[in-house]
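1. Here you go, sequence then predicted model.
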Amino acid sequence: MIDTDPRWVERARQGDTAAFKCLVDAHARPLFVLCERITRDAALAEDAVQEALYKAWRGLADFDGRAAFRTWLHRIAVNAALEQLRRNARHRHEVAVGGSAHDDDPGDFLDAIGDEEPGPDEHAVGAQIGHRIRAQMQHLSALERAAFVLRHHEGESLEHISATLDLTVGQSKQAIFRAVRKLRAALQPWR
């Protein structure tokens, strides 16, 4: 475990780049190991560490010392590694559906999406459902709305949602459940 000298942290907070470089030198390798364990990919781990260190530099003025510097930095790195995984998963999905970026044959892509276009009725129902959901979202509490959006729009984990909203995992689950129940009730005519 690395014991970071609090004086380095304080000097870095005041804009001393040499002090921040000392912090980077002390933490970069352990952060890489942590990120590589999460991503299981050295390139993604390197990207996550770079992103984490950049965010740490940018957010250093906001570091309040309630948690240890190491803990604060690890939280940033874990979030960066998880974001790299999400980006990589989206990229793999896009390549799987659309073919590789070097694929010159548009036929594979067109075969993947199929021939059937939704008809006017499906478009109308989809528009009505979308309108109903947007309207009902305004009736959710701020907590329910935030938890629902983080989970179902952003794809965040319950732990991340809990940390972001300063809730327990159980409270996050309850907020998401209440939001889903209210949205389901609004969609009852289409069931």
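-> Received the coordinates, thanks. Numbers count the residues shown, from 1 in each chain.
2. where along this structure do the helices fall?
-> Read by DSSP state H, the chain holds these helices, from start to end of the chain: 6-13, 17-39, 42-59, 69-98, 106-113, 120-137, 142-148, 158-165, 169-186.
3. mind putting these in JSON lines, mean pLDDT included?
-> Conversion of the helices of the chain to JSON lines gives the following (pLDDT from 0 to 100):
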{"stretch": "helix 6-13", "mean pLDDT": "90"}
{"stretch": "helix 17-39", "mean pLDDT": "89"}
{"stretch": "helix 42-59", "mean pLDDT": "94"}
{"stretch": "helix 69-98", "mean pLDDT": "74"}
{"stretch": "helix 106-113", "mean pLDDT": "42"}
{"stretch": "helix 120-137", "mean pLDDT": "73"}
{"stretch": "helix 142-148", "mean pLDDT": "76"}
{"stretch": "helix 158-165", "mean pLDDT": "78"}
{"stretch": "helix 169-186", "mean pLDDT": "92"}
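4. Could you export those as CSV, including mean neighbour count?
-> All C-beta atoms are positioned from the backbone trio N, CA, C, and that covers glycine. Output for these, formatted as CSV (neighbours: other C-beta atoms under 10 Å):
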stretch, mean neighbour count
helix 6-13, 16
helix 17-39, 17
helix 42-59, 18
helix 69-98, 16
helix 106-113, 10
helix 120-137, 12
helix 142-148, 19
helix 158-165, 17
helix 169-186, 16
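5. From residue 71, how far out is residue 9?
-> Between residue 9 and residue 71 the distance is 12 Å, computed by C-beta to C-beta, to the nearest Å.
6. actually residue 175, sorry about that
-> 26 Å.
7. for residue 49, same thing?
-> Summarising the geometry, the distance separating residue 49 from residue 71, computed by C-beta to C-beta, is 16 Å.
8. Over to residue 130?
-> Distance, residue 130 to residue 71, by C-beta to C-beta: 42 Å.
9. Same check on residue 146?
-> In this structure, residue 146 lies at 24 Å from residue 71, with C-beta to C-beta as the measure.
10. One more: residue 77?
-> From residue 77 across to residue 71, the span is 11 Å (C-beta to C-beta).
11. From what I see, residue 36 and residue 43 are in contact.
-> No. Applying C-beta atoms under 8 Å, one finds residue 36 not in contact with residue 43, separated by 9.7 Å.
12. Domain-wise, how is the protein divided?
-> For the chain, the structural domains run 6-95, 119-186, going by automatic domain parsing.
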